[in-house]
Structure formats: C-alpha cells, structure tokens
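> Here is my input, please return the structure:
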Amino acid sequence: MEGTVKVWTALVATGVEAAAALIITLAVLIATWRALKAFLSRSAVPDLTKERIRLDLARWLAVALEFTLAADILRTAIAPTWDEIGKLAAIATLRTLLNYFLQREIDGHTARQRGTPGGGGSSET
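Just a heads-up that it's a prediction; the model follows:
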C-alpha cells in the first residue's frame, strides 16, 4: 500500500512540475512577444511598458515557484529522510525568498502607479 501511495505521489509531483514548466514557458513566450511589440512600436512611455512586461512575467514566475514548491513537498511527504527534509527546507527557503523579493517589486510598482511614496505595505494583486 505504501509503495502505491509513493508511486502516485511521485506521479502527481511530476504533473505539478510539468504544470510549472508550462506556466513558465507560456509566460516567457507572452513576455517575449510583448517585448518585441514594444521594441518595434517605440511606445510613448517605453519605461512603463518595459516595467509592465517585466512585472507580469515576475507574477507568473512567482506562481510557477509555488507549483514547484508544492511538487517538492509532495515528494517529501511520504516517509521522508532527514536528508530529504533538509533539502526541502533549503529549497523552500530559497523559493520563499525569491517570492518575497518578487512580491516586493510588484508592490513597489503598484504603489508607484497609485502615486504613493515608498512602495511599502500590502498589495491588492
């Protein structure tokens, strides 16, 4: 029974990682397309256009990071060793830090759009 659960959990984790890869692929393709359009159109506000493209990509990368973390948790959920728990802790810490800094940048952009100084506080994104 435990072997079957491990196999199914590994399959689900692989599916979740595949979903993360698909999200990243689509986000990069969309960002590339939008960047090419912005480059060729010579927008009246190029910095705002570039920042919007970059932050949209960052939002999707943050979503993909959550998916990959979920896959790692699934892989470690069934009878983990201390080594696996340590690796998961390190991975979770790194991904959480990446998400934190991505979210800070998104919040800063949102605050600038609203005209509030500093960019602190919570986001409504």
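> pLDDT below threshold where in the protein?
43, 79, 116-125 (pLDDT under 70).
> In it, which helix is the longest?
Secondary structure of the chain per DSSP state H: the longest helix is helix 2-41.
> what packs against it?
Packing partners of helix 2-41 (3 or more CB pairs under 8 Å, 6 or more residues apart in numbering; DSSP states H and E): helix 46-77. C-betas here are computed from N, CA, C, even on glycine.
> List the buried residues in the helix it packs on.
49, 53, 55, 57-58, 60-62, 64-72, 74-76 (16 or more other CB atoms under 10 Å).
> so the longest helix of the chain versus helix 46-77, what angle?
Interaxial angle of helix 2-41 relative to helix 46-77 (axes from the mean of the first three to the mean of the last three CA atoms, to 10 degrees): 170 degrees.
> ok now do the residue positioned nearest the centre of the chain, which residues does it touch?
In the chain, the residue lying closest to the centroid (CA atoms, centre = their mean) is residue 62, at 1.7 Å. Residue 62 is in contact with 98-99, 102-103, counting by CB atoms under 8 Å, 6 or more residues apart in numbering.
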